[in-house]
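[1] Coordinates only, no sequence provided:
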Ligand SMILES: Cc1cc2nc3c(=O)[nH]c(=O)nc-3n(C[C@H](O)[C@H](O)[C@H](O)COP(=O)(O)O)c2cc1C
């Protein structure tokens, strides 16, 4: 190993960042909505359509998902960076994140949790399985509806138009500069 390569210790996960940031919406039993910012989310199966999110048990949203067994992944863009950071630093135990950020809840198609109007894409999910993984819980969601703004998505995102948010670590974020050439060409 080259001596120029430093041991990163407990920052190991940052070697897998930047990661696409999502805003997960969920509801309590009375239907009151919350938003949690997540970087640890990815697709895991096409048929059945499954995604996974990794959420620490101390998050307020963790308990809501355990109770209601559903959630929505909303995809924000750089215009929503402030709101996205806010939802990742404050807890729904203490604040109404829709009220504080001004983000707009709209009814989802298949689940009780709302979508966020200002986001460009939405994946509505019901809880398929939960797996404990160290200090986080993996919630595997079955995608029951998935839709996107046609101005910024057609087969793939138009990354010039939709400046998706990528988390590097801490309070640092980045976005994609431009489209990458077709790797099969
Ligand atoms: C960019 C960013 C990414 C985050 N990713 C995750 C994550 O993947 N899993 C997690 O448990 N917390 C993550 N967090 C922390 C939660 O969003 C944060 O603790 C939030 O305040 C919890 O809200 P809640 O208590 O209302 O559920 C992230 C925070 C930020 C700012």
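    Nice, thanks for sending it over. Note that the structure is a prediction, hence the values are computed from the model and not measured.

[2] Just checking: what are the partner strands of the helix or strand of the chain with the lowest mean pLDDT?
    The helix or strand of the chain with the lowest confidence, counting by mean pLDDT, DSSP states H and E, is strand 156-157 at a mean of 96. Take DSSP bridges as the rule and strand 156-157 pairs in its sheet with strand 153-154 (antiparallel).

[3] avg pLDDT for the partner strand?
    Mean pLDDT, strand 153-154: 98.

[4] Quickly note the distance from the residue nearest the centre of the chain to the ligand.
    Central residue of the chain (CA atoms, centre = their mean): residue 22, 2.2 Å from the mean position. According to CB to the nearest ligand atom, to the nearest Å, residue 22 and the ligand sit 9 Å apart. Any C-beta I mention is one placed from the backbone N, CA and C, and that applies to glycine too.

[5] Quick one: residues contacting that residue.
    By CB atoms under 8 Å, 6 or more residues apart in numbering, the contact list for residue 22 reads 37-39, 41, 53, 73-76.

[6] That one pairs with what?
    residue 38.

[7] Look up the pLDDT of it for me, please.
    So residue 22 comes in at 99 (pLDDT).

[8] From residue 79, how far off is it?
    15 Å (CB to CB, to the nearest Å).

[9] So residue 104 sits against residue 119, correct?
    No - the criterion here is CB atoms under 8 Å, and residue 104 misses it with residue 119 at 9.8 Å.

[10] Taking the contacts of residue 22 together, which two end up most distant?
    Spatially, the most separated pair among these is 53 and 76, at 15.0 Å (CB to CB).

[11] Have a look at those two and say which one is more surrounded.
    residue 76 (26 against 23; other CB atoms under 10 Å).

[12] what about stretch 160-176, start to end distance?
    Using CA to CA, to the nearest Å, the end-to-end distance of stretch 160-176 comes out at 8 Å.

[13] mean confidence for that stretch?
    Averaged across stretch 160-176, pLDDT comes to 97.

[14] Is the ligand within reach of it?
    Yes - contact of stretch 160-176 with the ligand (CB under 6 Å from any ligand atom) involves residue 167.

[15] List the buried residues of that stretch.
    162-167, 173 (16 or more other CB atoms under 10 Å).

[16] Alongside the ligand, which residues does the chain contribute?
    Counting by CB under 6 Å from any ligand atom, the chain comes close to the ligand at 21, 34, 36-40, 54-56, 59-61, 85, 88-93, 167.

[17] surely residue 111 meets residue 71?
    Yes - counting by CB under 8 Å, residue 111 touches residue 71, with 7.4 Å between them.
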